[in-house]
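Engineer: Just need the structure, nothing else, for what follows:
(2 chains)
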Amino acid sequence: MTTAVPAGTPSQTLETTGQHGIRAHSDGAGAFVPVQTRSERFTSTDVSDFGDVTGREQSWKLTPIDKLGELISGDLDGSAYRVDADPVDGIAVTWADVAGVERGLAGIPEEKASANAWTQTEQVLRIDVTGEDKKRSLVRRSTLGTAPRAAHTVITAAPFSSGLVILDSAGQAKITENVEIVVGAGAQLTVVSVQGWDDDALHLAAHFARIGRDAKLTHVVVSLGGSVVRVNPSTHLAEEGGDIEALGLYFSDAGQHLEQQVYVNHDAPHTRSRVTYKGALQGEGARSVWIGDVLIGQKATATDSYEQNRNLVLTDGTRADSIPNLEIETGDIAGAGHASATGRFDDEQLFYLQARGISEEEARRLVVRGFLTEIVQQIPDSELQERLGAAIEAELAGTSLADEER
Amino acid sequence: MSVLEIRDLHVSVETDQGTKPILKGVDLTIRTGETHAIMGPNGSGKSTLAYTIAGHPKYSVESGSITLDGEDVLAMSVDERARAGLFLAMQYPVEIPGVTVTNFLRTAKTAIAGEAPPVRSWIKDVRGAMTDLRMDSTFAERNVNEGFSGGEKKRHEILQLELLKPTFAVLDETDSGLDVDALKIVSEGVNRAKENTGLGLLLITHYTRILRYIKPDFVHVFVAGKVAEQGGPELADRLEDEGYDRYLSDAPVA
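Structural biologist: Model prediction:
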């Protein structure tokens, strides 16, 4: 199913008189009207500005908040943690006291867990990319432990710089964090966030990106491990010619909740966005949530945007929520579209492969691998491509696909 | 020599209107080295026969048998049939996103041979077969059937026929939608496969056109789920002139 019509429309407050001059009755006139336009959501860096989370909020209604109380409003350890990063010329990885770092250049929290992390962060991880040569840095953390903690990372790409930063997470964790990505004019930055946590990890992340003039960010979210993993990337295309390629890949197993709320704010002319998230779900209680909001503001003329989410359901007992929203406030755009599809295995694909001698199990693997490979192929790093290919193999090997009873 | 035998085969398909019988007692014997053309009007059950031999789950066999050298084909799964030496070139091959032709061919060859083919000779075989079918080398890196033109899909089917070397191949309307150049290339591929491996062919077609390039030893005319008439190549010539009207006028009202 593919459409090119806006799914969400800007809120309107027109005073109208009904037919024959009859007015609408006043009952409910003073009722609470939820915020409709994405850009008008409440934001604050102070956790105390947010009320208790009830699960009815726009940003929490599909998330299992009963497991996340500590991260949303509890005390958090905001100190530095162990980070392993190879020394790379032009990509500096350092810790800095929060008082000495200018935060909020890329965005401000929209929900309480993000604000809670912001408020309680003491040390900020800084990743500074400079220089026009291509380079990559693998920034790895795997010893966070089970105590609830806050984190804040600021990735800055200097004007005209070029680089690839891989944020690689593994091991145990109970963490809420903010990641700011500031892409300077003409810079070409790729940020890949890999969530390969242990089975019981809880991870809430808000990524905020600000794209400068003629700059391009490729942002990739790969979520494979963890109990509840929610990574919400927001991108502000703030200046003319900015470009965001947002890719996502997730594989949700039994009992796993993997969520991503992707927001792209076209706020300048000639900006471009492509959002492509693909996921596979298998096993009882495997869950995924994808919400894709694209806002094309009044200033954002001649923009080009397309967002899509595809889910492949491998067994019974799974649930995939997929919600694309498109708001357009200008009549002058080059293109805007969205697509969402959630489906089972295509029996004809399986028949075709089996008719060539390939066993049913192997055929299913080929189809799933192929489905997710479309995202892997777009990651501009062959080493990471290989690693993710192997990680998908491991996910597939973890269960017998032909046997739906896990 | 191998023999594929179809005896008194009755096949039905589930539709919204209930179970619908399609094949009503088909008898056919094909030996390796023979080429049989199955012709017939639309809806006569030609494709049903093809898919039933391959084991598509949509078709249920009500009675009768299919055996390959005495082995019960109907008891085999789809992939077992392929490994036993049966091949179906499909009329509408499906796309497999993210799976390259190279990967697909190697996986299929490995499954059918029971072991991975030796790398060097395999690459040479694939390249050679692709060149013979006038397929560009970039083809190998494309995803299976994704964005292929009608002609490319059919050439890809014949590429598999040449590389997987089955004992018996069913070609389901391989000629449909091909222009004359593509039809020649595809037919050459089929003839080459037959020369090289001596396979038995079941050529399913609506038109006599492809029979100019692939010479049948036997022609069977399918009408209303049965073989209505059979003969040698001269029967195809007669169909070319007369069409199927002769059979349809005295066919029972279904």
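
Engineer: Which residue is the nearest non-sequential neighbour of the residue of chain B found nearest chain A?
Structural biologist: Going by Cβ to the nearest Cβ, chain A is nearest to B:Gly98 of chain B, at 2.8 Å. Every residue, glycine included, has its C-beta placed from N, CA and C. Spatial nearest neighbour of B:Gly98, excluding adjacent residues (Cβ to Cβ, 6 or more residues apart in numbering or on different chains): A:Gly370 at 2.8 Å.

Engineer: separation between that neighbour and B:Pro97?
Structural biologist: Distance of A:Gly370 to B:Pro97, computed by Cβ to Cβ, to the nearest Å: 5 Å.

Engineer: And the two? Which one has more around it.
Structural biologist: In this view A:Gly370 and B:Pro97 are compared by other Cβ atoms under 10 Å in any protein chain shown, and A:Gly370 has more residues nearby, 22 against 17.

Engineer: The nearest residue to A:Val101 once chain neighbours are set aside: neighbouring residues, count only.
Structural biologist: In this structure, A:Val101 finds its nearest non-sequential neighbour in A:Val124, 4.5 Å apart by Cβ to Cβ, 6+ apart. Applying other Cβ under 10 Å, we find 23 residues neighbouring A:Val124.

Engineer: tell me the mean pLDDT over the helix or strand encompassing A:Val124?
Structural biologist: For A:Val124, the host element (DSSP states H and E) is strand A:123-129. For strand A:123-129, the mean pLDDT works out to 98.

Engineer: Within the sheet, what are the partner strands of it, with directions?
Structural biologist: Using DSSP bridges, strand A:123-129 pairs in its sheet with strand A:91-97 (antiparallel), strand A:149-157 (parallel).

Engineer: Go through the ones you listed and pick out the most buried.
Structural biologist: With neighbours defined as mean count of other Cβ atoms under 10 Å in any protein chain shown, the strands paired with strand A:123-129 peak in mean count at strand A:149-157, which reaches a mean of 24.

Engineer: low-scoring pLDDT stretches of the chain, where are they?
Structural biologist: Let's take chain A. Across chain A, the ranges flagged by pLDDT under 70 are A:1-36, A:398-406.

Engineer: meant chain B actually
Structural biologist: For chain B, applying pLDDT under 70 flags the ranges B:249-254.

Engineer: Up against chain A, what does it have?
Structural biologist: B:54-57, B:77-79, B:81-83, B:87-88, B:90, B:93-99, B:103-104, B:107-108, B:111-112, B:143, B:160, B:164 (Cβ under 8 Å from any Cβ of the partner chain).

Engineer: Any of those residues buried? List them.
Structural biologist: B:54-56, B:78-79, B:81-83, B:87-88, B:90, B:93-99, B:103-104, B:107-108, B:111-112, B:143, B:160, B:164 (16 or more other Cβ atoms under 10 Å in any protein chain shown).

Engineer: mind listing which of the residues you listed are in helices?
Structural biologist: If you go by DSSP state H, these have B:54, B:78-79, B:81-83, B:103-104, B:107-108, B:111-112, B:160, B:164 in helices.

Engineer: Around B:Gly128, how many other residues sit close by?
Structural biologist: If we define neighbours as other Cβ under 10 Å, then B:Gly128 has 12 of them.

Engineer: I'd assumed it was in a helix, is it?
Structural biologist: Yes - assessed with DSSP: H, G, I helix; E, B strand; the rest coil, B:Gly128 lies in a helix.

Engineer: State the distance from it to B:Ile210.
Structural biologist: For B:Gly128, the distance to B:Ile210 equals 24 Å [Cβ to Cβ].

Engineer: quick revisit: could you tell me which residues touch both of A:Gly370 and B:Pro97?
Structural biologist: B:Asn143 (Cβ atoms under 8 Å, 6 or more residues apart in numbering or on different chains).

Engineer: Tell me who's in contact with A:Glu348.
Structural biologist: Per Cβ under 8 Å, 6+ apart, neighbours of A:Glu348: B:Val94.

Engineer: same check, this time on A:Ala187
Structural biologist: Applying Cβ under 8 Å, 6+ apart, we find A:Ala187 in contact with A:129, A:157-162, A:212, A:215-216.

Engineer: at 6 Å what do you get?
Structural biologist: A:157, A:161, A:215 (Cβ atoms under 6 Å, 6 or more residues apart in numbering or on different chains).

Engineer: And A:Val376, by the same measure?
Structural biologist: Counting by Cβ under 6 Å, 6+ apart, A:Val376 touches A:385, A:388.

Engineer: Which helix or strand contains B:Asp8?
Structural biologist: Using DSSP H and E, B:Asp8 falls within strand B:3-15.

Engineer: Now the following helix or strand past that strand - C-alpha only, CSV.
Structural biologist: Counting by DSSP H and E, the element after strand B:3-15 in chain order, helix or strand, is strand B:18-31. Provided in CSV are the C-alpha atoms of strand B:18-31 (Å, rounded to 0.1, in the frame of the first residue of the first chain):
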residue,chain,number,x,y,z
GLY,B,18,-15.7,-24.2,-3.5
THR,B,19,-13.6,-27.0,-4.8
LYS,B,20,-13.3,-27.0,-8.5
PRO,B,21,-12.0,-30.0,-10.4
ILE,B,22,-9.5,-29.1,-13.1
LEU,B,23,-7.7,-32.2,-14.3
LYS,B,24,-10.1,-35.1,-15.0
GLY,B,25,-8.0,-38.1,-15.7
VAL,B,26,-4.6,-37.3,-17.3
ASP,B,27,-2.4,-40.0,-18.7
LEU,B,28,1.1,-39.2,-19.9
THR,B,29,4.4,-41.0,-20.2
ILE,B,30,7.6,-39.0,-20.8
ARG,B,31,11.1,-40.6,-21.3
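
Engineer: Now the residue of the stretch 251-400 of chain A found nearest chain B. Its backbone dihedrals?
Structural biologist: Per Cβ to the nearest Cβ, A:Gly370 is where the stretch 251-400 of chain A lies closest to chain B, at 2.8 Å. Here the main-chain torsion angles of A:Gly370 (degrees, to the nearest 10) amount to phi -60, psi -40.

Engineer: Repeat that for the one 4 residues further on.
Structural biologist: Dihedral pair for A:Glu374: phi -50, psi -40, per degrees, to the nearest 10.

Engineer: Leaving aside the residues adjacent along the chain, what's closest to it?
Structural biologist: Leaving aside its chain neighbours, A:Glu374 sits nearest to B:Gly98 (5.1 Å; criterion: Cβ to Cβ, 6+ apart).

Engineer: if we can go back for a sec, got the contacts of A:Ala187 as a markdown table, with distance to A:Arg136 columns?
Structural biologist: Formatted as a markdown table, the contacts of A:Ala187 follow (distance: Cβ to Cβ, whole Å):
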| residue | distance to A:Arg136 |
| --- | --- |
| A:Ala157 | 13 |
| A:Ser161 | 13 |
| A:Ala215 | 18 |
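
Engineer: Cool, thanks, talk later.
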